[in-house]
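1. Give me a model of this one.
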Amino acid sequence: MLVFEPLSMSAMAGGKVNALLSLNRSVPRDVYDLHELMRNNADPTPLWISRIPREFLELKRPEVMAKIDGIGFPLANSELLPDIAPDVRESIDETRWDEIRLEVAEQVESWLAHASERARTAAELNRDADAEIDFAGR
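-> A predicted model of the protein is given here:
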């Protein structure tokens, strides 16, 4: 099992949320990696609270479930499972993949909700509310 320094895990989780919510990307690896980061207690919300305007967090929140819903088992079976350890691969069938997707969607939505409750507005952060934001905090 990998052990990560908390700040790095937060940035990695934020980067995976960037990838997950990308308009031109639907990659099962993003869901899988987010699930692993969640298991290691990654929490990007402190990073988001300090750097991302409330408006942007609220805008992205409804997109999470729809995006993850489009990354079904056939895609995971062809693009993810061949590249992970055999013992892990054997534990992921369609039912388990659906559970993983739901857990990730619920956690990312929870992170976004928690951060948006505490985040400042774009005006307070001196940022353009319509500018693209990097969830990794870069």
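2. Only C-alpha atoms from now on, for both contacts and neighbour counts.
-> Fine.
3. Tell me how many other residues crowd A19.
-> 19 (other Cα atoms under 10 Å).
4. from what I can see it touches P28, true?
-> No: at 10.6 Å, A19 does not count as touching P28 under the criterion of Cα atoms under 8 Å.
5. how about the nearest residue to V27, chain neighbours excluded?
-> Among residues not flanking V27 along the chain, I71 sits closest, at 6.9 Å (Cα to Cα, 6 or more residues apart in numbering).
6. Please enumerate the strands of the protein.
-> Counting by DSSP state E, one finds no strands in the chain.
7. what sits against the residue nearest to V27?
-> Neighbouring residues of I71 by Cα atoms under 8 Å, 6 or more residues apart in numbering: 26-28.
8. Kindly reformat those residues as JSON lines containing neighbour count.
-> Output for the contacts of I71, formatted as JSON lines (neighbours: other Cα atoms under 10 Å):
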{"residue": "S26", "neighbour count": "19"}
{"residue": "V27", "neighbour count": "20"}
{"residue": "P28", "neighbour count": "25"}
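9. Export those to JSON lines and append columns for distance to F56 and pLDDT.
-> What follows is those, written out as JSON lines (distance: Cα to Cα, whole Å; pLDDT from 0 to 100):
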{"residue": "S26", "distance to F56": "21", "pLDDT": "88"}
{"residue": "V27", "distance to F56": "23", "pLDDT": "93"}
{"residue": "P28", "distance to F56": "24", "pLDDT": "97"}
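10. and these as TSV, adding distance to A123?
-> Shown next, in TSV, are these (distance: Cα to Cα, whole Å):
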residue	distance to A123
S26	32
V27	34
P28	35
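11. From those residues, pick the one nearest G15.
-> Ranked by distance to G15 (Cα to Cα), the contacts of I71 are led by V27 at 13.4 Å.
12. L20 is in contact with that closest one, correct?
-> Yes: here V27 lies in contact with L20, judged by Cα under 8 Å, at a distance of 7.3 Å.
13. what separates the residue lying closest to F135 once chain neighbours are set aside from P86, distance-wise?
-> For F135, ignoring the flanking residues on the chain, the nearest one in space by Cα to Cα, 6+ apart is G14 at 4.5 Å. Here the criterion is Cα to Cα, to the nearest Å. By it, G14 lies 28 Å from P86.
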